[in-house]
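Asks: For reference, the sequence and a predicted model appear below.
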Amino acid sequence: MNRTFALFLASAVLLAHMLAIHEDAADAIAPPYEMAHVAFRVGHNLASTGRFAWDPSARFVESYPSPLWVALAAGSELLGLSTASAMQLLSAACALATVWVLARFSPSRLAGVIAPVLFVASGAVASSAASGTELTLAALLITAAFLAYERGRPRSLALLLSLACLARAECAPLAAVLLIIELVRRPRPDAAGPRRSMLRAFLPPAVLVAGVCALRFALTGHALSPWAATFAHPGGLRPLAALAFLRDFLVTSGPGLLAAFPVWYLARSFLSALGTRALILTGAWSLLTSLGGGGPQALPYSQFMVPVLALLLVAVQEAMTLALDSRRAFLPRLTWVLFVLGLIVSVLTSKFPGNLGPLQLEDLHGAWMTASAPRAPGQSTQLGREGLADEIKATARLRRLGAFLRDNLDPELSVLTPWPGAIGEVSGLRVIDALGRTMPAPGAAGPPAPWGALGPWDVLSAIEQRPDYIVPTFARLPDPPTPVQVAQEWSLGLDLAPSSAERRARLLKGLGEYELITVPAVAVDGLRPPPGDWFHLMRRRALMYMPELSARMVDGELVVSVRHTAHQQLVDLLVQIEDDRGAVWALDPAGELARRPDIRARRALLLFPTGTRAIELGRFDLPDAQRMRAVRATLCNPGATDEDDPVCPVVTLALR
């Protein structure tokens, strides 16, 4: 097969793979990841106000780990493009370009397509190609820089390494590892002539990194990035978590399983110099990303390895080439079997848990794709395709919530949430990250928390900023959470001192200033939400947005009305009637009496702003009115029980 045709076919496979797995409920291309929206918002602020910060009114803050990606997002804004679409296209273009760069490592033989084919079959590459994040850009720059190093092109190496250091903070120490390789490198005995030194190529990226650190120190008072700052505090390093992240990559991906191939040849001192250098850089990246920043960002398919996945596959290709050239007859056949096995594993990771025909593999597949590494709040515990589907669903829901907040809240109001990306980018409100990644916690001396941080976080400090709204969860819960439940979950799962009764009491006291409300999901990007979809929010009581309920008798009928001056809100109407014996009855939607306490007279009523006048919620002809003593009416959150707090005061009407 012609190599060029094979590469075009590989590129088509990558596009098809990307489109097949990164789709939303409408079978269209899904939006970028939740984290990518952080870069979009910072890029918007940079383009519109010139401030490199999550909040345009705040000082300079390094809210996103890739200054280069933020700058590209700002460029998209200046060109008037849809930032989300433009950055997704750029992610995909970088992934495709990496395929062609990867093919240049062995251009003279057909075995040189082993690495590109494994690369495009990887679910990590296909999913990150549509993620809207900088992972594929970093992969392109690192792969091209390594190719320039191997080809002895110092100018290209200097430029590519400099850009890579701006694309990801981890690239700076990776460049240092490559510098060490250059310093200890010895010329090959069979070399045609002396190899020129590449040392001068490392000077521009070193000067750039030093300049960025100096600028960061001048603007923020600390020289290290949030990712690198964890190395200055050894208590933030988690070696066991790092091993768990690496385990997930090695066990649940085709390239991860094939990594044993070059390791075996390296241990026997047979691996080529090119493969050895590629394997050393891959190992260095694995160590850096797993330990730095509190751990890698827990994305689907172990995507933290995407930037160096091409280098790992170069090492795999070098090892397989040795095996294919072996004089042992069985070894070439075994090599192709392992190559096909790697492809099969990659295909299986992009499959939802399910059976393969008569093979009952659903439970086994689900257990295989369950992550062993810890997760941040709201992140899926699944790897592979199911983890990607969870990420897409979560982002879609958060975008719908952001659209509701944008359309219904005063721009001066603030929102606290552990998931600030999509909410902040879509709503444009002042969104406070409860985990301190977009902005440092008040009084914090260091930089913001890194995006891979696993906690603990000072959520008490975030709540004591008294935001106007809190997003306690983005899940579609059948029963609304209570402030006590939110306090317990946030204290035990997020706070830096979960065993502190004093902090938990302060947390509960702070949440006591809020009322739980339910709001409807709204359409975003032209897609309507699923029927009956809603969100739970906590709203500060001092805003005085609570509905005002009233009840009166008119011509023998009970008329319940409401005046609502705030935004849209979903409520249930509960009408209870006490008879002359003290028994309590509830009205059902038909106006009949029932003894069940969960009966609601009206369910999932959508309240609109009514201004100064009240609107009727219902008229009820009370049966046996002569035996009724009093009526109590109130509004509740959908799915709430009698033990939950109502969303407005109980209105009591004496009948006699």
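Replies: Great, that's in hand. Numbering: from 1, shown residues only.
Asks: Which residues does stretch 290-298 contact?
Replies: Identification of contacts with stretch 290-298 by Cβ atoms under 8 Å, 6 or more residues apart in numbering yields 35, 65, 169-170, 226-228, 230-231, 236-239, 241-243, 245-246, 289, 303-304, 371, 373-376, 379, 449-454. To be clear about C-beta, it is placed using only N, CA and C from the backbone, and glycine gets the same treatment.
Asks: what do you get for stretch 265-285?
Replies: Contacts of stretch 265-285 (Cβ under 8 Å, 6+ apart): 105, 146, 150, 170, 173-174, 177-178, 181, 188, 259, 262-263, 305, 307-308, 311-312, 314-315, 317-319, 321-322.
Asks: Go through the worst-scoring helix or strand of the chain on mean pLDDT and flag the buried ones.
Replies: Ranked by mean pLDDT, DSSP states H and E, the weakest helix or strand in the chain is helix 483-493, scoring a mean of 76. By neighbour count on 16 or more other Cβ atoms under 10 Å, the buried set for helix 483-493 is P483, V486, A487, Q488, W490, S491.
Asks: Past it, which element shows up next along the chain?
Replies: Remark: after helix 483-493, the chain's next helix or strand is helix 501-511, criterion DSSP states H and E.
Asks: what angle separates that next one from helix 483-493?
Replies: 140 degrees (axes from the mean of the first three to the mean of the last three Cα atoms, to 10 degrees).
Asks: Helix 501-511: what's the following helix or strand?
Replies: Past helix 501-511, the next helix or strand by DSSP H and E is strand 514-520.
Asks: that older thread, for the least confident helix or strand of the chain, output the C-alpha coordinates as PDB.
Replies: Provided in PDB are the C-alpha atoms of helix 483-493 (Å, rounded to 0.1, in the frame of the first residue of the first chain):
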ATOM      1  CA  PRO A 483     -28.900  22.700  53.100                       C
ATOM      2  CA  VAL A 484     -27.900  20.200  55.700                       C
ATOM      3  CA  GLN A 485     -27.200  17.600  53.000                       C
ATOM      4  CA  VAL A 486     -25.200  20.100  50.900                       C
ATOM      5  CA  ALA A 487     -23.200  21.100  54.000                       C
ATOM      6  CA  GLN A 488     -22.400  17.500  54.800                       C
ATOM      7  CA  GLU A 489     -21.400  16.600  51.200                       C
ATOM      8  CA  TRP A 490     -19.300  19.700  50.700                       C
ATOM      9  CA  SER A 491     -17.700  19.300  54.200                       C
ATOM     10  CA  LEU A 492     -16.800  15.700  53.800                       C
ATOM     11  CA  GLY A 493     -16.000  15.700  50.100                       C
END
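Asks: Run the chain-centre distance for it.
Replies: Its chain's C-alpha centre and that of helix 483-493 lie 22 Å apart, by Cα atoms, centre = their mean, to the nearest Å.
Asks: what about burial for the contacts of stretch 265-285, which qualify?
Replies: The neighbour-count test (16+ other Cβ under 10 Å) marks 105, 146, 150, 170, 173-174, 177-178, 181, 259, 262-263, 305, 307-308, 311-312, 314-315, 317-319, 321-322 as buried among the contacts of stretch 265-285.
Asks: Would you report which members of those are assigned to helices?
Replies: Per DSSP state H, helices hold the following members of those: 146, 150, 173-174, 177-178, 181, 262-263, 307-308, 311-312, 314-315, 317-319, 321-322.
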